[in-house]
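Student: what would the 3D arrangement of this be:
(one chain, ligands or ions: 1)
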Amino acid sequence: MHRTLKVQMMGVGLTVFCLGCGMVPSPASLREAAQRSGMLVGTAARPEQLTEAAYAATLAREFNMLEPEDAMKWEVLRPDSQSFDFSQADRLVDFAGQHSMKVRGHTLVWHQQNPPWLTQGQFTPDQLAGLLETHIKTVVGHYRGKVFAWDVANEAFDEQPRLGQLRDTIWYNRPGIGLAGNGTAYLERCFRWAREADPQALLFYNEAEAEALGPKSDAIYAMVQDFRKRGVPIDGVGFEMHIGNLHSDISSFSANVGRFTALGVQVQITEMDVSLPVDAHGNASAEDLQRQADMYRQVAAACLSHRGCTAIQTWGFTDKYSWIGWQSKGTRGAGLLFDRNYVPKPAYQALRETLGAR
Ligand code: 9MR
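Tutor: This next block holds a predicted model:
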């Protein structure tokens, strides 16, 4: 913007031509951009990588929120039925504290990454209920005042062919905590335990492949509507947003966010990545990287268009460490904002521009 300013200098009227006056400089980082819009921008993080200088510097510079990728799961926290090992998760929580970042906790009730002593323990429903209550209250209590939001339950609704039905799990009905066959009652109990342990923490239900309108998001919607009506403590829904299709329909996502926020809960994007086909060196094509940037832009713009959509989080930030490579045996990858050398990709620029523009 060019502006002409009239200034009075020592009583003499001067007209000066001012280049760039009134321009707001572009944000220097994702977190600066997010702050301008009152948003949170986060990433999953791994404690074992914090000693890598580029990893730690990028994490602290770019994000105002982090979530332990694995370090708060049962498998890590629970060496046996009596003990808790918070050492790995504490490293991440301490790092976040040192860099003024918020922490999302993930996750208290899930069917995966449970330790063998639990899954093979042949516990009765009463014993499982006791174990789960103690787990939720101890973990949420340990991080009271430090974890601002919890994924209380994760991925409790099933995939095809039972899309949208409750998943058979150790917590629900295999054998469950005593509420098998009672729909979402077992989840309700977990949310109530979590609220007791930390009345200030926001409590989320987190789900995969429920971003768009459809049977799975309908089932979650019905649960949240019911919980809100009956005063069951739930504050938000997390949509993971693992995108593998560069032509995904973002308008359906926006409509879905709209109906959830209308129930009075927050929505957060919790695990975003946009995986691409890669060559033997892990490289994607330049065209795909541009399309990927466009996906990030569209998703961020959709979130920002709803007041109740409060956070955008990616599932890691450097392509050096991403579950997609491990899971696809190297055929897909390059899903994140920074390449393997921590160089920002087109997706980074797209997200930074979009985040700063609410
Ligand atoms: O990224 C996580 C990876 O390190 C684990 O091995 C994997 C085990 O299933 O879980 C990954 O994270 C998952 C997250 O906790 C829940 N949503 C799906 C994520 C990707 O699988």
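Student: can you list the low-confidence ranges for the protein?
Tutor: Across the chain, the ranges flagged by pLDDT under 70 are 1-23.
Student: 80 instead?
Tutor: Residue ranges of the chain with pLDDT under 80: 1-25, 358.
Student: tell me what the host helix or strand of residue 221 is packed against?
Tutor: Using DSSP states H and E, residue 221 maps to helix 215-230. Packing contacts for helix 215-230, counted by 3 or more CB pairs under 8 Å, 6 or more residues apart in numbering; DSSP states H and E, involve helix 185-197, strand 202-207, helix 250-261. Quick note: C-beta positions are derived from backbone N, CA and C, even for glycine.
Student: can you rerun that using 7 Å?
Tutor: Secondary structure elements in contact with helix 215-230, counted by 3 or more CB pairs under 7 Å, 6 or more residues apart in numbering; DSSP states H and E, are strand 202-207, helix 250-261.
Student: which SSE is immediately downstream of the longest one?
Tutor: Going back to what we said before, that points to helix 250-261. Next along the chain after helix 250-261, taking DSSP H and E as the criterion, comes strand 266-274.
Student: what's the first helix or strand after that next one?
Tutor: By DSSP H and E, the next helix or strand past strand 266-274 is strand 276-277.
Student: for that following strand, which outside residues touch it?
Tutor: Strand 276-277 is contacted from outside by 284, 288, 292, 331, 332, 333, 334, 335, using CB atoms under 7 Å, 6 or more residues apart in numbering.
Student: get me the contact residues on the stretch 251-358 of the chain for the ligand.
Tutor: Counting by CB under 6 Å from any ligand atom, the residues of the stretch 251-358 of the chain lying close to the ligand are 271, 323.
Student: can you rerun that using 8 Å?
Tutor: Contact residues (CB under 8 Å from any ligand atom) of the stretch 251-358 of the chain with the ligand: 271, 315, 316, 322, 323, 326, 327.
Student: mind listing the strands for the stretch 1-150 of the chain?
Tutor: Taking DSSP state E, counting those that start in this stretch as the test, the strands found in the stretch 1-150 of the chain are 2-9, 12-19, 40-45, 65-68, 102-109, 149-154.
Student: which residues of the stretch 101-250 of the chain lie near the ligand?
Tutor: Near the ligand, when you scan the stretch 101-250 of the chain using CB under 8 Å from any ligand atom, you find 106, 107, 110, 112, 113, 154, 155, 206, 208, 240, 242.
Student: what's the PyMOL line that selects buried ones from those?
Tutor: Remark: buried members of these, expressed as a PyMOL selection using 16 or more other CB atoms under 10 Å:
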select buried, resi 106+107+110+154+155+206+208+240+242
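Student: pick out the most distant pair among the residues of the stretch 101-250 of the chain next to the ligand.
Tutor: Farthest apart among these by CB to CB are 113 and 242. That separation is 16.4 Å.
Student: done for today, thanks.
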